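*Asks:* missing the sequence, but the structure's below:
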């Protein structure tokens, strides 16, 4: 959560605090992270230094956990309490290529953020950027700072989209070892601890994120 780094400070320059309330700041920060950082589950490097907020900003893309880390870091930089949450979710609209890579339609340890606003914790996930949602025919998630915003259960066509299966709860920092243990348990074929990345697996299967709707 290196929100005092120059990378994160520069990333947050468009957000002017002024006399804004915590909710207004949180909302603006949520949309900034959601749409400025592209969702990409095919180029994940599981080394700790690559999971830092500054590293995510420098790359300009990330998967759900990375984008949740960045959002929590950014929110904390404004003096607002925030923490990480994790859950297993089933994506009913998962692409064949990603499904083949994962050998499952369950996303384990999906990351979301929880922000303390007006006396209560509110959940939100900035994972899917607006442009990706438009291509995939799903609704981009909106956040009003007062209600949980996790995932739409249905696509624009009415097809089942995202379903939460199990919630791990919330954590003040990224529970790195716990996350890696869960990935190794649910996706043993990927050898994430040995390979340290999803990238090599993606190359082997000729997966190219930017040509595929997730």
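*Replies:* On my side now, so go ahead. Just so we're clear, the structure is a prediction, and the values are computed from it rather than from any experiment.
*Asks:* going forward, measure contacts and count neighbours with C-alpha atoms only.
*Replies:* OK.
*Asks:* Name the nearest residue to the residue nearest to the spatial centre of the chain, sequence neighbours excluded.
*Replies:* Residue closest to the mean C-alpha point of the chain, counted by CA atoms, centre = their mean, is residue 64 at 2.1 Å. Taking CA to CA, 6 or more residues apart in numbering as the measure, residue 64 lies nearest to residue 127, with 4.8 Å between them; neighbours along the chain are not counted.
*Asks:* before we move on, back to that, residue 173 versus the residue nearest to the centre of the chain, what's the distance?
*Replies:* In this view, residue 64 and residue 173 are 15 Å apart by CA to CA, to the nearest Å.
*Asks:* pLDDT score assigned to the closest residue to residue 5 other than its chain neighbours?
*Replies:* Leaving out its chain neighbours, the residue that sits closest to residue 5 by CA to CA, 6+ apart is residue 54, at 6.5 Å. Predicted confidence (pLDDT) at residue 54: the value is 97.
*Asks:* Going forward, count from 11.
*Replies:* Got it, the first residue is 11 from now on, which makes the last one we talked about residue 64.
*Asks:* quick one, longest strand in the chain?
*Replies:* Ranked by number of residues, the top strand in the chain under DSSP state E is strand 116-127.
*Asks:* tell me the angle whatever helix or strand comes next after that one makes with strand 116-127.
*Replies:* Moving toward the C-terminus from strand 116-127, the first helix or strand encountered (DSSP states H and E) is strand 130-134. For strand 130-134 and strand 116-127, the angle between their directions (axes from the mean of the first three to the mean of the last three CA atoms, to 10 degrees) works out to 140 degrees.
*Asks:* and strand 130-134, which residues are buried?
*Replies:* Neighbour-count burial for strand 130-134, with 16 or more other CA atoms under 10 Å as criterion, is recorded at 131, 132, 133, 134.
*Asks:* what packs against that strand?
*Replies:* strand 116-127 (3 or more CA pairs under 8 Å, 6 or more residues apart in numbering; DSSP states H and E).
*Asks:* For the strand it packs on, report the contacting residues that lie outside it.
*Replies:* With CA atoms under 8 Å, 6 or more residues apart in numbering as the test, strand 116-127 has contacts from 32-33, 36, 74-79, 81-82, 85, 90-101, 131-137, 155-156, 160, 178, 180, 189, 192-193, 196.
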